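[1] coords below, sequence missing:
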């Protein structure tokens with residue numbers, strides 16, 4: 001074999017190696033392209049889902065604000081009811097005290113008839129404690 005033959009064979013081997021390298025690189029690049037397309041589709045899906053989540057979050061926030069306003073309004077309305085019930089309780093207490101005061105003098109008068117000294121002692125006690 002001559003030097004030219006060795007040169008042709010080595011050139012052929014280099015060309016074959018380069019061809020294998022090009023084939024391997026094209027297979028790798030096609031795989032990378034498929035991966036990038038898959039990532040692109042995934043990101044598009046995520047973007048759509050995020051838009052849906054953002055819309056639902058805004059609606060939920062609006063409903064929460066409306067609910068908070070409604071609770072505040074109803075709480076204020078209940079304050080009026082509680083004030084009314086408190087007023088009724090105070091009125092009933094006053095009526096009860098009035099009836100108790102009406103009944104007390106009668107009992108004292110009855111005691112005065114039975115025990116005359118009780119009405120005298122009661123009168124002295126009232127005059128002493130008023131001062």
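    Perfect, I can see it now. As the structure is a prediction and not an experimental result, all values here were calculated from the model.
[2] so where is the protein shaky, pLDDT-wise?
    99, 102-131 (pLDDT under 70).
[3] going along the chain, name the helices of it.
    Secondary structure of the chain (DSSP state H): helices at 3-114, 116-130.
[4] in TSV: the ones you listed, plus mean neighbour count.
    (Glycine included, C-beta is placed from N, CA and C.) Formatted as TSV, these follow (neighbours: other C-beta atoms under 10 Å):
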stretch	mean neighbour count
helix 3-114	10
helix 116-130	10
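[5] pick out the residue closest to the middle of the chain.
    Taking C-alpha atoms, centre = their mean, the centroid of the chain lies closest to residue 64, which sits 7.7 Å from it.
[6] and that one, what does it touch?
    Counting by C-beta atoms under 8 Å, 6 or more residues apart in numbering, residue 64 makes contact with nothing.
[7] check the gap between it and residue 53 for me.
    To residue 53, residue 64 is 16 Å away according to C-beta to C-beta, to the nearest Å.
[8] swap in residue 11?
    61 Å.
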